[in-house]
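[1] how would this look folded up:
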Amino acid sequence: MKKLIFSCIVLSVVISCKKGEFNIQNLNGNKITALGHGGMGVGNTYPMNSSESILKCLNLRMDGTEFDVQMTKDSVLVLYHGQDLSDHTNLKGVINSLNWSEVKNAHYTANPYLNYPIVSLEQLFSNIENIEKYIFTFDCKLYTSTNINNQFYQSYINAVINLIQKYQIGNNVYIESQSEVFLDMFRNKKPDSKLFIYPSSFESGLNIALSKGLQGITISTRSITKEQIKIAHDNNLLVAIWNTHSKSDNIEAINKNPDFIETDNVKYLIKLLK
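    Model (predicted):
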């Protein structure tokens, strides 16, 4: 009897979560922008932030993708998550202390990701057809020590803006950062930028976004409720959530009514939203 009841519950959940049956209410035209997390997400066939992972994500009809962006000493934007290259690759060192000529030889070393190379953002964008179709979220990994001054931030901002202008995708790019100073400088340089704070809690994110005049908040789905997302929306703030790994994570995330979901389960989110 218990098995029968459990089976009925599971079946009802599956039936109730078919494509198009969510009552989505947000500031994004009552639609959720479906983004990959570093491409296909954590634990996929390809390493996060690799060209292979990102291009596969886009080819599966996602709206776009989030990725981690760092900058080399000579102002080349690089896709990589870790603070040190030794975290995931055959090389070592902080990216902003190295030139691109040194970083470009890095490749992932953990199984099953052997020999996939680190790529620059320029390399990635040059291989995306119809790039204007997609949404891109830049998670700006600054990893700066206290002795690095605002000149580094300014160089980083200039590099991002130059690349956006080159590919004419200004309306397609969202900027995420944990640094209020960085976001202030980005806004001063390019007032129409779509800037999101990446806070430690919803309360701090709400306060920062409102006081700085930002467009939104990026936060783990485990750190925000449906009610808090409504509070953000009531204050005209967009919300992007991440940390959705399983099918149930994606369903729960959709039901919170965010504007963006950065998922690690791309294929299932597509089934739910597309």
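
[2] contacts for the helix or strand where residue 151 lies?
    For residue 151, the host element (DSSP states H and E) is helix 150-167. Residues outside helix 150-167 that contact it (CB atoms under 8 Å, 6 or more residues apart in numbering): 69, 71, 75-77, 96, 121-122, 125, 131-132, 138, 140, 142, 144, 170, 173, 175, 179, 181-182, 185-186, 189-190. To be clear about C-beta, it is placed using only N, CA and C from the backbone, and glycine gets the same treatment.

[3] ok so residue 262 is a strand residue?
    Yes. According to DSSP: H, G, I helix; E, B strand; the rest coil, residue 262 belongs to a strand.

[4] quick revisit: quick check: buried residues in the helix holding residue 151?
    For helix 150-167, the neighbour count (16 or more other CB atoms under 10 Å) marks 152, 153, 156, 157, 159, 160, 161, 163, 164, 167 as buried.

[5] would you list those in a markdown table and tack on pLDDT and distance to residue 21?
    Output for the buried residues of helix 150-167, formatted as a markdown table (pLDDT from 0 to 100; distance: CB to CB, whole Å):
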| residue | pLDDT | distance to residue 21 |
| --- | --- | --- |
| 152 | 94 | 48 |
| 153 | 95 | 45 |
| 156 | 97 | 43 |
| 157 | 98 | 42 |
| 159 | 98 | 43 |
| 160 | 98 | 38 |
| 161 | 98 | 41 |
| 163 | 98 | 39 |
| 164 | 97 | 36 |
| 167 | 98 | 36 |
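
[6] Looking at the residues you listed, which is nearest residue 110?
    For these, the closest approach to residue 110 (CB to CB) belongs to residue 156, at 27.4 Å.

[7] can you map out the strands along the chain?
    33-37, 64-71, 77-79, 119-120, 135-140, 173-177, 194-197, 216-220, 238-244, 260-263 (DSSP state E).

[8] now for the ones you listed, which one comes closest to residue 273?
    Using CB to CB, the strands of the chain put strand 33-37 closest to residue 273, at 5.2 Å.

[9] Neighbouring strands of the closest one in the sheet, and parallel or not?
    strand 64-71 (parallel), strand 260-263 (parallel) (DSSP bridges).

[10] how about the residue nearest to residue 124 when sequence neighbours are not counted, what does it touch?
    Counting by CB to CB, 6 or more residues apart in numbering, residue 51 is the residue found nearest to residue 124 once chain neighbours are left out, at 5.5 Å. Remark: with contacts taken as CB under 8 Å, 6+ apart, residue 51 is in contact with 119, 123, 124, 127.

[11] re earlier: among the strands paired with strand 33-37, which is the most enclosed?
    When the strands paired with strand 33-37 are scored by mean count of other CB atoms under 10 Å, the highest mean neighbour count falls to strand 260-263 (a mean of 28).

[12] hang on, residue 40 packs against residue 266?
    Yes. In this structure, residue 40 is within contact of residue 266 by CB atoms under 8 Å, at 5.4 Å.
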